[in-house]
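Student: Show me how the following folds:
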Amino acid sequence: MGKVIGIDLGTTNSCVAILEGGVTQIVPNKEGGRTTPSVVAFTEKGERLIGQIAKRQAITNSANTIYAAKRLMGRKYDSPEVERARQVCSYEITEAANGDCRVRVRGRDYSPPEISAILLQRLKLAADEFLGDEVTEAIITVPAYFDDIQRQATKDAGKIAGLKVQRIINEPTAAALAYGLGKHENERIAVFDLGGGTFDISIMEMADGVFEVLSTCGDSFLGGEDFDQRIVDWMIDTFEQETKIDLRPDRLALQRLKEAAERSKCELSTATESQLNLPFIAADSTGPKHFNKTLTRAKFEELVADLVSRTTEPCQKALADAKLAPEEITKVLLVGGQTRSPIIINRVREIFKREPSIEINPDEVVAIGAAIQVGVLAGDVKDLILLDVIPLALGIETRGGLFTKLLERNSTIPTKKSLVFTTVADNQQVVEVHVLQGEREIAAGNRSLAKFELVGIQPAPRGLPQVEVTFEVDADGIVSVSARDKMTGLEQAMRITPSSGLSASEIYDLIEEANRSSENDKRMKEIIISRNRLEGLLQNTVRSFSEFGWMLPAEDQEFVRNTVEQARETFSSEDPTQMRYTLELLEKAARLITDAMFRPTGLASGATHSQEEETAPVSEAS
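Tutor: Numbering: from 1, shown residues only. This is a model prediction of the structure:
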């Protein structure tokens, strides 16, 4: 059986952790970083770049570099969130036949789970290499306020990447697990999680190893990306006022602005001002134009004031749902990179009337918590129980298009509840059960999860038949719904597995494509490593041969010359077998030169040396 890992699939950065011997470790990526930028790019040659290397080339390849794909997971094209994303993204967002959003790159449409799967595949490969064993399963974290469709989209991404997703757990819950491992105090914890794309607040109670989520709330489209965009908008407006040039249609300029904004925001977490210097950002008839301004922390806080204010109401709502006052919270944990901003820290102080805790790394704590949950499920971590909740209410559509809730938000899972409904028309023999998730009173304002019919109801006046509808949510958050006619005993049931917009056949095809891509990635890696070895060995061999080639017999000199020529021709080859063969020949040529250099009789006939040279060590004489 392969290894199991914990993954924090973030909007801006992602992180992987493992639990071995009761100790959690962060898995470094191939560049040695502890987190990996959640960026995927496609080059003209068809190569896929992932992580830091994709982020580095974003300016020159902005239309084909995908970032913040997590914000599009499980979203419809016509949703307000996707509309906002279209206005600021440098890449194209399109509409699928079923109304879901897609990302168009180099003439092909990708679903958000596909993009996330490419990133997950790279994280899996890093874990494979780090552990020296194949990773087959994972626990992946999601924002607490993700609905069932967004959670299913995340599971589909893991499946496409070749991972069996053991469980999807909430990011704040994972953070609390990381904080509480090994602690036995009774505490009420607020986890304030403001990452790159989402905001969550969870209120938890920790007592004797039992972690119970009391309430959760949040905003699934509020995060560091929005803070960056405020700086970008300010830069665009300032530049337009001074030059009359609008930078919005220029994708290359937008990407430069975005990167500068992100750097500036990070600097303002510790400094009171940041210099924004972008030479040659545009040009007109009078010549090139440059952007050179100083952004102060006070101005930045003015720009993002309304975004910060949006965190207050969810916190108050979570406290109210948990039936707690701010003073009853004993610890506030900060999670997510955006919580490093002083304005966020100040807002947390105002809401919870206490200093927030900074004892855990906000970029790594979620992945560590996911790894701990791996240990809990495997039985390696004992005396620890996690009681999570559903983030949004579950119910059905009733007469007049109303939403009737069976399970309220923040219901502890696993849970089960039944309600009895009746018919709305005389002699009605079929009842349609429309399952919804959300908080709106009108059914149309909530997310549709599934529809099914209960047939065979005996004809009777309306209001007389009794149909019992039962909702059940298991520990994995999977919803099951059944409807039973109490008079006849007829029952119809189904397990809700919300679609991510991809059919089973599409997911299968994408898994096959991911496998092919994985093999291609391995092949390309082998070619690159061989080419690098070939380049270094070729340079050394040519240098050595030019200096010491005269010491070789004529036939060996000819062999070296032919091998060097073949190596130069093979250098641009894409055939790993040919490159391996040429490397073997080049290594043989290098050995011939080395042997000749260190062979005592290797001097050409007729050479003359002084007595001092003849008695010197061979290596020095050579």
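Student: residue ranges with poor pLDDT in this protein?
Tutor: 1-2, 181-182, 184, 476, 496-519, 521-522, 524-525, 600-622 (pLDDT under 70).
Student: Could you rerun that using 80?
Tutor: Under the criterion pLDDT under 80, the flagged ranges of the chain are 1-2, 181-185, 208-209, 358-359, 382-385, 475-478, 493-529, 572, 574, 598-622.
Student: buried set for stretch 584-591?
Tutor: By 16 or more other Cβ atoms under 10 Å, the buried positions in stretch 584-591 come out as 585, 586, 589, 590. Every C-beta, even on glycine, is put in place using the N, C-alpha and C of the backbone.
Student: Look up how far residue 568 lies from the last one.
Tutor: By that I understand residue 590. Going from residue 590 to residue 568 by Cβ to Cβ, to the nearest Å gives 15 Å.
Student: picking up where we left off before, can you redo the buried residues of stretch 584-591 as CSV with secondary structure?
Tutor: Converted to CSV, the buried residues of stretch 584-591 look like this (DSSP: H, G, I helix; E, B strand; the rest coil):
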residue, secondary structure
585, helix
586, helix
589, helix
590, helix
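Student: and of the residues you listed, the nearest to residue 43?
Tutor: For the buried residues of stretch 584-591, the residue nearest residue 43 by Cβ to Cβ is residue 586; the value is 29.2 Å.
Student: which ones are touching the closest one?
Tutor: Residues in contact with residue 586, defined by Cβ atoms under 8 Å, 6 or more residues apart in numbering, are 534, 537, 538, 541, 563, 564, 567.
Student: Dump the residues you listed into a markdown table; add distance to residue 26 and neighbour count as well.
Tutor: Listed next are the contacts of residue 586 as a markdown table, based on distance: Cβ to Cβ, whole Å; neighbours: other Cβ atoms under 10 Å:
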| residue | distance to residue 26 | neighbour count |
| --- | --- | --- |
| 534 | 34 | 21 |
| 537 | 35 | 17 |
| 538 | 38 | 21 |
| 541 | 41 | 22 |
| 563 | 45 | 22 |
| 564 | 45 | 16 |
| 567 | 40 | 21 |
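Student: Report all helices and strands that the strand ranked longest in the chain contacts.
Tutor: Using DSSP state E, we find that the single longest strand of the chain is strand 273-284. Here strand 273-284 touches helix 224-243, helix 251-267, strand 287-296, going by 3 or more Cβ pairs under 8 Å, 6 or more residues apart in numbering; DSSP states H and E.
Student: which residues are contacting the longest one?
Tutor: Spelled out, it's helix 224-243. 11-12, 68, 71, 88, 194-197, 245-248, 254, 257-258, 260-262, 264-265, 276, 281-282, 284, 289, 291, 293, 295, 299-300, 303-304, 307, 336-338, 341.
Student: Going through the residues you listed, which ones are buried?
Tutor: 11-12, 68, 71, 88, 194-197, 247, 254, 257-258, 260-262, 264-265, 276, 281-282, 289, 291, 293, 295, 299-300, 303-304, 307, 336-338, 341.
Student: can you give me the strands for the stretch 451-600 of the chain?
Tutor: Here the stretch 451-600 of the chain has its strands, by DSSP state E, counting those that start in this stretch, at 467-473, 479-485, 491-496.
Student: and those as TSV, adding distance to residue 270 and mean neighbour count?
Tutor: Shown next, in TSV, are those (distance: least, Cβ to Cβ, whole Å; neighbours: other Cβ atoms under 10 Å):
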stretch	distance to residue 270	mean neighbour count
strand 467-473	44	19
strand 479-485	45	19
strand 491-496	47	15
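Student: Save the ones you listed as a markdown table, and put in distance to residue 385 too.
Tutor: Shown next, in a markdown table, are the strands of the stretch 451-600 of the chain (distance: least, Cβ to Cβ, whole Å):
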| stretch | distance to residue 385 |
| --- | --- |
| strand 467-473 | 17 |
| strand 479-485 | 22 |
| strand 491-496 | 25 |
